[in-house]
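Enquirer: Coordinates for the following, if possible.
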Amino acid sequence: QVQLVESGGGLVQTGGSLRLSCSASGRTFNTSPMGWFRQAPGKEREFITSINWNGGRTSYADFVKERFTISRDNAKNTVYLQMSSLKPEDTAVYYCAASSRSFISAPVGINEYTYWGQGTQVTVSS
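Expert: Model prediction:
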């Protein structure tokens, strides 16, 4: 089992940057693909990006357009989401998640993730 805690959210102006962190506990973190999702008010939760167990494979949603970067540090049991060129439409609660899929994969489907953090709010002002 994996427990996840996100941090690093906050208020930022358009064009600004934030780095989200997701701290994990549980002995399976190092072999778990990890993902970031977000949910804006009144909208469904959507996939942003994912990373396989060693960072060798990543997947990104089209809307990311090289603005966001996922990474992980298995020695620290942490996965990161570096966000730049933020826009008001990026405003949402951001969630990290751990998948039970194969460690070599970077899953993109919400149903492929088993464990979820509580989320961290990101607000981008115009």
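
Enquirer: Can you check the pLDDT for the residue most central in space within the chain?
Expert: The C-alpha lying nearest the average C-alpha coordinate of the chain belongs to residue 36 (Cα atoms, centre = their mean; 2.2 Å). Note for residue 36: predicted pLDDT of 98.

Enquirer: Would you confirm that it contacts residue 81?
Expert: Yes. Residue 36 is within contact range of residue 81, at 4.8 Å (criterion: Cβ atoms under 8 Å). C-betas here are computed from N, CA, C, even on glycine.

Enquirer: shared neighbours, those two?
Expert: Taking Cβ atoms under 8 Å, 6 or more residues apart in numbering as the criterion, residue 36 and residue 81 both touch 20, 22, 48-49, 68, 70, 94, 96.

Enquirer: distance between the ends of stretch 16-32?
Expert: 30 Å (Cα to Cα, to the nearest Å).

Enquirer: And that stretch, how far out from the chain middle?
Expert: 8 Å (Cα atoms, centre = their mean, to the nearest Å).

Enquirer: List the contacts of that stretch.
Expert: Contacts for stretch 16-32 (Cβ under 8 Å, 6+ apart): 1-10, 12, 34, 36, 53, 74, 76-86, 94, 96, 98-100, 103, 115, 117, 120, 122, 124.

Enquirer: Show me what counts as buried in it.
Expert: Neighbour-count burial for stretch 16-32 flags 18, 20-24, 29, 32 (criterion: 16 or more other Cβ atoms under 10 Å).

Enquirer: from those residues, which ones fall inside strands?
Expert: 18, 20-24 (DSSP state E).

Enquirer: quick revisit: out of the shared contacts of residue 36 and residue 81, which one sits closest to residue 110?
Expert: residue 48 (11.0 Å; Cβ to Cβ).

Enquirer: which of the contacts of stretch 16-32 count as buried?
Expert: Using 16+ other Cβ under 10 Å, the buried ones in those are 2, 4, 6, 8-9, 12, 34, 36, 53, 77-81, 83, 86, 94, 96, 98-99, 115, 117, 120, 122, 124.
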